[in-house]
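K.L.:
Would you be able to build a 3D model of this:
(3 chains)
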Amino acid sequence: MESLLIYVAASVAIISSAMVITQLNAVHALLYLILSLLAVGIIFYLLGAHFAAVLEVIIYAGAIMVLFVFVVMMLNLGNATIALEQSWIKPRMWLGPSLLAVILLSELILMFSQAVSVTAINLVDAKQVGILLFGPYLLAVELASMLLLAGLIGAYHLGRRQTKANKET
Amino acid sequence: MTEPINQIGTWIDIIGILSSVMLVAALLIWVERRMIGIWQDRLGPNRLGPLGLMQVAADMIKIFFKEDWIPPFADKAVFVLAPMIIMVTILTAFAVVPFAPGIGIIDFNFGLLYFLALSSLSVYSVVLGGYASNNKYALLGAVRAAAQTISYEVFMALSLMGVVMLSGTFNLRDIVEAQRNGWFCLSQFLGLFLFIVAVVAESHRTPFDLPEAEHEIIAGFHIEYSGMKFGMFFIGEYLSVTLSSAMIVTLFFGGWLGPEFLPPLFWFCFKTSIWILFFVLLRASLPRPRYDQLMSFGWKFMLPLALINLLVTGGLVLWMES
Amino acid sequence: MNSFKLCIDLILSQFQTLGTVLQHTFTKADTVEYPEQQVALFPRYRGRIVLTRDPDGLERCVACNLCAVACPVDCIALQKSEDQEGRWYPDFFRINFSRCIMCGFCEEACPTYAIQLTPDFEMCEYDRQSMVYEKEDLLIDGTGKYHDYNFYRIAGKSIAGKGKGEAENEAPPIDVKTLLP
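P.N.:
Residues are numbered from 1 along each chain as shown, chains lettered A, B, ... in the order given. Reported below is the predicted structural model:
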């Protein structure tokens, strides 16, 4: 039963990811991307990583994609852009990327064919995630926080109002 | 560790809960107009039926039978999809609401996060509705909604972390049980305040109804909507008010806990209805802030306050334990 | 820090607003439930327009057209006519109440107190044409608000062989065309 659910969610994810690439309308593409992220969330849930599943929905689908949609809406892409997109999606354009992707896919299939089958689903608790994050992976957390701090300072600099004093300098 | 997710409701429970929630949302049409009337020294709807109660039926009939018009310039698929999102997300969020011991749909270990996830998804309804209308006022409303929700969602989650720290779980039923020795509205007073503000902003109610500000951008995101699609936005707003009230009660006011002489379900519904009335009171009394004020209030005041609350609560919890 | 204090003050003022509004739970509603409950109208309420008669029972209107000029929405139409003595009277007098805004300017403009506004506003009709009132609809039998006023008692009247101001106890009429006192 669960494996069937995983397959369904995975195929939804794959199909919607494909639609993200082929959609001409940017907002429609983003909608498919949201759908893909939700499907990935379901997969996380079925694999026992409930915390990751919920965070996937909150952070990716709920916050980051809203920003994406926000920006795309502000750009006011009209029919001209759709025509432009149409001209971009030619077989010649996606020959290279898809070739590389096929290599990766075959590698993945090779890995799966040799891997041992997943026996039991390991439930991951929020507490475990927290202990792991602030235990063995503390350095990664700190590095991520440094990165975020840099981003914050950059955003502050860009968004700072130009006053007369610092305009002259 | 217990099972992460338990189904505690049968199909009958699910149907009962969903239909009663819908009924409450529909009744809120009447309650809100009537209560605002009382608070503004008016009468409110009083013509149809006893106390004007049949106004609900009249509004329903009007909404159902009005022409459901899709503008020819709209992005049709998204236009139809948008109002459904808010109904689906809010109604599914009711799955984790702990009405009383043994009454509810599921018992999920990450119930709180599940609520946050679905309430953050519900913003797509407004954003996509505004975008798909292909109307400049609708787009302005959608842009406002997106920016507002992103800003207020940040500290909405942070304001709840104090509750999570004190109770040590994300499970809503365990959070209610953890309040046996004192409701969190006392120990997490700041958290309660932050959560109320965030929840009001999230459900686009006055004073944070900038996405649909009638005076500035006519009706904002739902300007092109009519008939049942508008009705879904309309009922969706009341549903999210009900959900927010239920969550405030669950997280800060002891959920179903109360004196023993009445059943737990009564206490839950009683507290929830008081908070619904509070939402109506907010709408009756407060004016709408300017947009830049809204943004700076969120980022410069509420977010630091949420972080301070988080820090102090965490410190106190550690100090008490050691 | 100052803006932080401002924020706190603003939030507290919002709570004060909430409290004030909550107190209104116990105040009585100001609503007058109109069709069941009649509205108290003052005697000088500006409602439906009537044409009055002087105490002798003759119509006051002298068809001077001042009301039609004063009307901001041009809802008054009338046609001057004369009787054998040369007294002016309206041949027809028509007010389109679907246009009238009950401003009362016509009443102010009227030199003879003929046109007056009454405390009545219930004039609903299914047919728009029924809102156009003719002279016979407008004319009432009474004197309206000014019971003793008779225009010609004050203004005088020329009869055959005797002009205005030539009778006993009459002052000569004021010459309105000169600036001299």
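
K.L.:
Can you classify residue 35 by secondary structure?
P.N.:
The chain I'm using is chain A. helix (DSSP: H, G, I helix; E, B strand; the rest coil).

K.L.:
try chain C instead
P.N.:
On the basis of three-state DSSP, residue C:35 is classed as coil.

K.L.:
what's the neighbour count on it?
P.N.:
6 (other C-beta atoms under 10 Å in any protein chain shown). Every residue, glycine included, has its C-beta placed from N, CA and C.

K.L.:
How about the one 10 residues further on?
P.N.:
The tally of other residues near residue C:45 (other C-beta under 10 Å) stands at 16.

K.L.:
ok, now which ones touch it?
P.N.:
C:117-119, C:121 (C-beta atoms under 8 Å, 6 or more residues apart in numbering or on different chains).

K.L.:
residue in chain B nearest to chain A?
P.N.:
residue B:120 (2.9 Å; C-beta to the nearest C-beta).

K.L.:
can you check chain C too?
P.N.:
residue C:3 (14.8 Å).

K.L.:
Tell me how many other residues surround the nearest residue to that residue once chain neighbours are set aside.
P.N.:
The shortest distance from residue C:3 to any non-neighbouring residue, by C-beta to C-beta, 6 or more residues apart in numbering or on different chains, is to residue B:300 (7.5 Å). Residue B:300 is flanked by 13 other residues according to other C-beta under 10 Å.

K.L.:
what does the model give residue B:300 for pLDDT?
P.N.:
Listed pLDDT for residue B:300 reads 82.

K.L.:
How many residues are close by residue C:125?
P.N.:
So residue C:125, with other C-beta under 10 Å, has 11 neighbours.

K.L.:
mind listing the strands for chain C?
P.N.:
C:49-51, C:76-82, C:88-96, C:115-117, C:132-133 (DSSP state E).

K.L.:
Columns mean pLDDT on top of these, output as JSON lines?
P.N.:
Compiled in JSON lines, the strands of chain C are given as follows (pLDDT from 0 to 100):
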{"stretch": "strand C:49-51", "mean pLDDT": "91"}
{"stretch": "strand C:76-82", "mean pLDDT": "90"}
{"stretch": "strand C:88-96", "mean pLDDT": "90"}
{"stretch": "strand C:115-117", "mean pLDDT": "91"}
{"stretch": "strand C:132-133", "mean pLDDT": "91"}
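
K.L.:
Mind putting the ones you listed into JSON lines with distance to residue B:159 and mean neighbour count?
P.N.:
Listed next are the strands of chain C as JSON lines, based on distance: least, C-beta to C-beta, whole Å; neighbours: other C-beta atoms under 10 Å in any protein chain shown:
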{"stretch": "strand C:49-51", "distance to residue B:159": "64", "mean neighbour count": "22"}
{"stretch": "strand C:76-82", "distance to residue B:159": "67", "mean neighbour count": "15"}
{"stretch": "strand C:88-96", "distance to residue B:159": "63", "mean neighbour count": "18"}
{"stretch": "strand C:115-117", "distance to residue B:159": "61", "mean neighbour count": "23"}
{"stretch": "strand C:132-133", "distance to residue B:159": "66", "mean neighbour count": "19"}
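
K.L.:
that older thread, the residue of chain C closest to chain A is in contact with residue B:304, isn't it?
P.N.:
No - using C-beta atoms under 8 Å, residue C:3 is not in contact with residue B:304, being 11.6 Å away.

K.L.:
still on that earlier bit, buried among the contacts of residue C:45? Need that as a selection in ChimeraX.
P.N.:
Here is the ChimeraX selection string for the buried members of the contacts of residue C:45, based on 16 or more other C-beta atoms under 10 Å in any protein chain shown:
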select /C:117,118
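
K.L.:
Now flag whichever of the contacts of residue C:45 is closest to residue A:10.
P.N.:
residue C:121 (72.2 Å; C-beta to C-beta).

K.L.:
ok, the closest residue to that closest one other than its chain neighbours to chain B distance?
P.N.:
Residue nearest to residue C:121 in three dimensions, not counting chain neighbours: residue C:47, with 4.3 Å by C-beta to C-beta, 6+ apart. Look at residue C:47 and chain B: by C-beta to the nearest C-beta, to the nearest Å, they are 25 Å apart.

K.L.:
residues in contact with residue C:47?
P.N.:
C:41, C:102, C:117-121.

K.L.:
what's the answer for residue B:280, then?
P.N.:
Per C-beta under 8 Å, 6+ apart, neighbours of residue B:280: B:31-32, B:35-36.

K.L.:
And for residue B:101?
P.N.:
Contacts of residue B:101 (C-beta under 8 Å, 6+ apart): B:173, B:256, B:264.

K.L.:
Tell me, how many residues neighbour the second one?
P.N.:
Think residue B:256. There are 22 residues near residue B:256, going by other C-beta under 10 Å.

K.L.:
and it, which of the three is it?
P.N.:
Applying three-state DSSP: residue B:256 is coil.

K.L.:
Would you confirm that it contacts residue B:177?
P.N.:
No - the criterion here is C-beta under 8 Å, and residue B:256 misses it with residue B:177 at 9.7 Å.

K.L.:
helix or strand for the residue lying closest to residue A:36 once chain neighbours are set aside, which one?
P.N.:
The shortest distance from residue A:36 to any residue other than its chain neighbours is 4.2 Å, reached at residue A:16 (C-beta to C-beta, 6+ apart). In this assignment (DSSP states H and E), residue A:16 forms part of helix A:2-22.

K.L.:
Just the residues contacting that helix, thanks.
P.N.:
A:28-30, A:32-33, A:35-36, A:39-40, A:42-43, A:46-47, A:89, A:94, A:121.

K.L.:
which residue ranges form the strands in the stretch 151-300 of chain B?
P.N.:
Taking DSSP state E, counting those that start in this stretch as the criterion, the stretch 151-300 of chain B contains no strands.

K.L.:
For it, what lies in contact range of chain A?
P.N.:
Counting by C-beta under 8 Å from any C-beta of the partner chain, the stretch 151-300 of chain B comes close to chain A at B:153, B:157, B:170.

K.L.:
any low-confidence regions in the chain?
P.N.:
Just going to use chain A. By pLDDT under 70, the low-scoring segments of chain A are A:1-2, A:76-79, A:85-94, A:112-122, A:162-169.

K.L.:
Can you look at chain C instead?
P.N.:
C:1.

K.L.:
the helices in chain A, which residues?
P.N.:
A:2-22, A:26-46, A:50-55, A:65-75, A:79-88, A:91-114, A:126-133, A:138-159, A:164-168 (DSSP state H).

K.L.:
Most tightly packed of those?
P.N.:
Comparing these by mean neighbour count (mean count of other C-beta atoms under 10 Å in any protein chain shown), helix A:50-55 comes out on top with a mean of 22.

K.L.:
right, quick check: that one against chain B, any contact?
P.N.:
Yes - counting by C-beta under 8 Å from any C-beta, chain B is contacted by helix A:50-55 at A:50-51, A:54-55.
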